[in-house]
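>>> Fold the following, please.
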Amino acid sequence: MSGKAYGAIQVRQEADADDIDSSPNDTITERIPLLSAITNEKNPPSPSQLSTKSSVVSVAVQTDPTKFTKALRYLAAIWSDTTFDWISPLLETGNANGQLNVEDLDELPLPDDCETSQVYAQFWRCWTDELDKARVDNNKSNDNSATSFFVQPTTTIHNYQPSLVKALARAFGADFLRAGLFKLIHDANIFVGPQVLNHLIQFLRNADAPIHRGVMLTVLVTVSQIVMSISLRHYFYKCYTCGLQVRTAVVLAVYKKSLHLSLKERHTFGNGGGPGEIVNLVGIDAQRMQDLMTYLHAVWYSFFQIGLAMYFLWGQVGASCLAGVVVIVVLIPVTKFVAGWLSGIQKILMKARDERVSLNNELMNAMKIVKIQAWEENFRTKLTNLRNIEMLKLRRYYITSAISVSMYSSTPLLVSLATFGAYTLIGQNHLDVAQALTALALFDILRFPLFMLPQIINRIIEASISFERVRKFLLAEEYQHVGEGALEQNGEIYINNGTFVYDSKK
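A predicted model of the protein is given here:
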C-alpha cells in the first residue's frame, strides 16, 4: 500500500504490511528531484530511494515561495487595475446593505494624486511658475520693476501674461495624454467590426470555405470588442479623473484668492459682478472646465475616425465617398458660424446671470436693512426683472443649441445620402450585400465624430470664456499685508495730513 502527498512537496512511502513490525522511527530521508517522486505502480522507486523496513520521505528541491507570492500579487494587481476589480468591495457593501454611506467610501482606496492637498499643490506650483515667468518678462520690458501684473491684463502685446491653460496642462496633462493613448487603441479597433463583417459575409457565401477561417473571424471580432471595452473604460476613467482634478484646483484657487482680494477688486471685479461673479466662477466656470476634459480628445480622434472611415469607404464604393467628403467640407464653415453665434449668446447669458446673482447676494447680506426700510417690493420687482431677462437669454441660448444639435445630427444622414446617390449617378448600379452592409457600418461609425466635432468646438469656446474669467480673477489685485511698524509705544498710530477714501471710490 502506498500513498503520495504532493501538496506539501513531499512524498511518503508507507511500509508494506509485511514490514509492520519495523520501527516507525527507522526512516531514510533523501533529497530527490520533484518529478522523480511522481511515480506509478509500473515505475516503482529505485532501491536507493526506498528502505524495505522504513518509510521514506522525499523532499523536492526547494523553491523560494516569496518570489512566487510576489508574482501572483503582481498579476492580481494587473487584473484588478485592468478590470476595475478594486471597486468590487464597495459594490458588495452597497449590495449587502442596500445603500452606500459616507463611511463605506473608506473601503475605496484613493490614489495619492487625487488627494485635495496634492492636487492643489501641484497646480499652485505650476501657476507660480507662470507668475514668475511673467514677472521676469515684464521686468525686462519695463524699467519700472514696481509695476505689478496682479491687475487687469495690460494691452501691451510684448509682455508675457500668465496662462491658466498652460498651468493646468503642466499640472495634469500627463494623465490626460495617457488617456489619449487608450482612445487611440479603441478607435483603431472600431474598424475591425466592419472589415470582419465583410469577410464573414463572403465566408458564408462560399460553401467550400474552410471552417477555421470562420472561427478565426469570430475570435478576431471577439478580441477586438474586449480590447475596445477595456480601453474605452480606462479612457473615460482617466478623463473624468483629470476633469475632477482641474475643477478641484480651480475651486480652491478661487476660494483662496477671494480671501486676499482688495476691497476695490471685491466690489468692482467683473464690471460690478462682485460676490455674485465669484460664486459663478466656482459653480459654473469650474464645472464647465471639468466637462471639457471628458471629450477634449475629440479634437484629434474625430479627424482620425473620419479619415479611416473614408479610406475604407473608398475601398467599398470607390470615388463615390468623395461626395460625402464634400458635404463635410461644406458643413465646416456652417459649424464655425453656429459656434460663434452660440459663443456670443453665452457671453450675454453669463453677464445677465452675474447681475442676478450679485443682486441676490446683496439682498441676502443686507436683509435687515431691507426689512427696516420696507424695500421688499422694490427689490422684489428689480430681482424679478433680472430673472426675466436671464430667462429670455437662456431661452434664446437653448433654442440656438437645439438648432445646432439638429443640424449636427443630420450630418451623417446627409453624408450617406450623398455617397449612395453619387454611387448610383456614376452608373455603378450593382451594389453587393457585403459592400452595402460594410458601408452602412462605416457610416454608423462616422455618426459619432461628425456629431462630436462641432460639439467639442462649442465646448472649447465656452470653456475659453471660463478660463479667461478665472485667469482675470486670479490676477486681480490683492490687499497688502501690514507688517510690524516701528512705533514708540505699542498700539499707537501716528497719521499726519491723512486723506481717507474707500477703494471703490478711487
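>>> which stretches of the stretch 101-250 of the chain have low pLDDT?
141-158 (pLDDT under 70).
>>> At which residues are the strands of it located?
Remark: no strands are assigned in the stretch 101-250 of the chain by DSSP state E, counting those that start in this stretch.
>>> do the chain as well
10-13, 27-31, 55-59 (DSSP state E).
>>> Leaving out sequence neighbours, find the closest residue to residue 415.
residue 324 (4.0 Å; CB to CB, 6 or more residues apart in numbering). Using the backbone N, CA and C atoms, a C-beta is placed for each residue, glycine as well.
>>> do residue 310 as well
residue 321 (5.7 Å).
>>> Show me which helix runs longest in the protein.
Looking across the chain with DSSP state H, the single longest helix is helix 211-258.
>>> quick one on the thing from earlier: any idea how far residue 403 is from the residue nearest to residue 415?
Relative to residue 403, residue 324 is positioned 23 Å away (CB to CB, to the nearest Å).
>>> Tell me which of those two has more neighbours.
When residue 324 and residue 403 are compared for neighbours, residue 324 comes out ahead with 28 against 13, by other CB atoms under 10 Å.
>>> I'd say the more buried one and residue 420 touch.
No. Using CB atoms under 8 Å as the test, residue 324 is too far from residue 420 to be in contact (9.3 Å).
>>> Report how many residues lie close to residue 87.
Residues near residue 87, counting by other CB under 10 Å: 13.
>>> what's the closest non-adjacent residue to it?
Nearest one to residue 87, counting by CB to CB, 6+ apart, is residue 108 at 6.6 Å.
>>> show me the contacts for that neighbour.
Taking CB atoms under 8 Å, 6 or more residues apart in numbering as the criterion, residue 108 is in contact with 86-87, 89-90.
>>> residues contacting residue 241?
114, 175.
>>> Then residue 232?
Contacts of residue 232 by CB under 8 Å, 6+ apart are 182-183, 186.
>>> For residue 190, see how far away it is.
From residue 232 to residue 190 the distance is 10 Å (CB to CB).
>>> quick one: low-confidence ranges for the stretch 351-500 of the chain?
In the stretch 351-500 of the chain (pLDDT under 70), the answer is 428-429, 481-494.
>>> hmm, try it at 90
For the stretch 351-500 of the chain, the stretches flagged by pLDDT under 90 are 351-384, 386-387, 389-390, 393-394, 396-466, 469, 472-473, 475-500.
>>> Which stretches in it count as helices?
Under the criterion DSSP state H, counting those that start in this stretch, helices of the stretch 351-500 of the chain are mapped to 367-373, 376-409, 411-425, 433-474.
>>> closest to residue 253 out of the ones you listed?
helix 433-474 (6.1 Å; CB to CB).
>>> give me the number of residues near residue 183?
21.
>>> Nearest to residue 330 among the contacts of residue 108?
Using CB to CB, the contacts of residue 108 come closest to residue 330 at residue 87, 46.1 Å.
>>> In terms of pLDDT, where does the closest one sit?
pLDDT, residue 87: 82.
>>> picking that back up, now for the helices of the stretch 351-500 of the chain, which one comes closest to residue 240?
Comparing these by CB to CB, helix 433-474 comes nearest, at 15.2 Å.
>>> mind checking how far the closest one is from the chain centre?
Counting by CA atoms, centre = their mean, to the nearest Å, helix 433-474 is centred 15 Å from the centre of its parent chain.
>>> ditto for stretch 75-90
Centre-to-centre, stretch 75-90 and its host chain are 19 Å apart (CA atoms, centre = their mean).
>>> Please point out which parts of it sit buried.
For stretch 75-90, a neighbour-count test (16 or more other CB atoms under 10 Å) marks residue 90 as buried.
>>> Tell me how far the residue nearest to residue 409 when sequence neighbours are not counted lies from residue 199.
Among residues not flanking residue 409 along the chain, residue 451 sits closest, at 6.4 Å (CB to CB, 6+ apart). From residue 451 across to residue 199, the span is 29 Å (CB to CB).
>>> could you list every residue that touches the residue nearest to residue 409?
408-409, 411-412.
>>> any idea which of the residues you listed is closest to residue 447?
Out of those, the member with the shortest distance to residue 447 (by CB to CB) is residue 412, at 4.0 Å.
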